[in-house]
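Novice: Below: sequence and its predicted model.
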Amino acid sequence: GEVPETARVADYWIDARLDAERHEIAGTLRLAWHNETQRSVDRLPFHLYMNGFRAEDSAWMNQARGQHRGQKFARDRWGFVEVRKVEQIVEPVDEARLVDFENPGPSGTPLAFAEDDEPSTMTVSLAEPLGPGESIVLELEFLTRLPQVFARTGYYGDFHMAGQWYPKIAVLEEASGWQAHTFGLFSEFYADFGNYEVQLDVPSAMVVGATGIRVGEEALGGDEEGRTRLHYRAAMVHDFAWVADPDFVEHWGEIDGIRVRQLLQPEHVHDAQAHLDALAVTIASMQARFGPYPWSTI
């Protein structure tokens, strides 16, 4: 299958480091966003999904009343995402330089940004309006703290699941304008497609699974000895999520030419074939509705 190139709106380059003891992810993010509409915009809204787990009075916590699918939120372990810098890279930059965080090229121009009244979204103010067909490159620095695992994200012991973990641009629609809805109990994660280049700096003992495919691995030395930098590439997706745990057991399979990689806790290894069988039924059902699966790996 194939995702049409016309769907490519938001490309991300992310360099992130997991502190497994503090359960925090420090990251630098570069975003190339293309205005595919006939609208001019003077602001860029972003989702800060992790802030739904920041305090009792967030929209998510109010609506869920601190529970989700029978599980109670651990109130001694809140999560958040803190944006520390937003800059616009105004000089021309090719993709090779965008992905090279060690040699980033041009410095950026600071932009004003602020969380909205409900902290699961923020607004970046542009220095000049961005017209139809134009593009912009931003660089953001952020810190995410994971809550104790809850509602599809978080940590438990050495297990870390990073879902909706980085600042994520909203969707600009031709007819309706910006779609940047507050993160609530019944929200979905509406986003544009694009390409992702992601480098994850993690403890070397971690077994990692992530969106896309791993294209590089580097053991770090010096003060970073005992850590590994993993490079992932995902083409034409609308999100990047990842998981890390030193106890994972890897199990490979294949369905209709699609590689399937399972990461299982040791006590559930015997369920690998059952998971594979369930996935085979799922793929058949989805492909009958929507066409061939577009990526090489699940």
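Specialist: Yep, that arrived.
Novice: In the protein, what helix or strand scores lowest on average pLDDT?
Specialist: helix 95-99 (a mean of 60; mean pLDDT, DSSP states H and E).
Novice: helix or strand right after that one?
Specialist: For helix 95-99, the following helix or strand on the C-terminal side (DSSP states H and E) is strand 109-110.
Novice: Adjacent strands (with direction) for that next one?
Specialist: Strand 109-110 pairs in its sheet with strand 80-88 (antiparallel), by DSSP bridges.
Novice: Just the CA atoms of the partner strand, as CSV, please.
Specialist: Once non-C-alpha atoms are left out, strand 80-88 reads as follows in CSV (Å, rounded to 0.1, in the frame of the first residue of the first chain):
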residue,chain,number,x,y,z
PHE,A,80,3.5,16.9,32.0
VAL,A,81,5.3,18.4,29.0
GLU,A,82,7.1,21.7,29.5
VAL,A,83,8.1,23.6,26.3
ARG,A,84,11.2,25.6,27.0
LYS,A,85,12.0,27.2,23.7
VAL,A,86,10.4,27.8,20.3
GLU,A,87,12.5,29.3,17.4
GLN,A,88,11.9,29.7,13.7
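Novice: ok, residues contacting it?
Specialist: Contact with strand 80-88 is made by 46, 48-51, 53-54, 107-111, 113, 122, 124, 126-127, 136-145, 165-167, as judged by CB atoms under 8 Å, 6 or more residues apart in numbering. (Glycine included, C-beta is placed from N, CA and C.)
Novice: Buried among those? Make that a ChimeraX selection.
Specialist: The ChimeraX selection below is limited to those of these classed as buried (16 or more other CB atoms under 10 Å):
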select :46,48,49,50,51,53,54,108,111,113,122,124,136,137,138,139,140,142,144,145,165,166,167
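Novice: Filter the contacts of strand 80-88 down to the ones in strands?
Specialist: Members of those lying in strands (criterion: DSSP state E): 46, 109-110, 113, 122, 124, 126-127, 136-145.
Novice: Might one say that Ser40 is in contact with Gly133?
Specialist: No: using CB atoms under 8 Å, Ser40 is not in contact with Gly133; the gap is 10.5 Å.
Novice: Now Val3. Nearest residue, chain neighbours left out?
Specialist: Ranked by CB to CB, 6 or more residues apart in numbering and with sequence neighbours excluded, the top spatial neighbour of Val3 is Met236, at 3.9 Å.
Novice: hang on, isn't the one you found packed against Pro294?
Specialist: Yes: using CB under 8 Å, Met236 makes contact with Pro294 at a distance of 6.9 Å.
Novice: quick one: Gln199 is in a helix?
Specialist: No: assessed with DSSP: H, G, I helix; E, B strand; the rest coil, Gln199 is strand; it does not lie in a helix.
Novice: Could you list everything it pairs with in the sheet?
Specialist: Beta-bridge partners of Gln199, as defined by DSSP bridges: Asp15, His231.
Novice: Cool, thanks, signing off.
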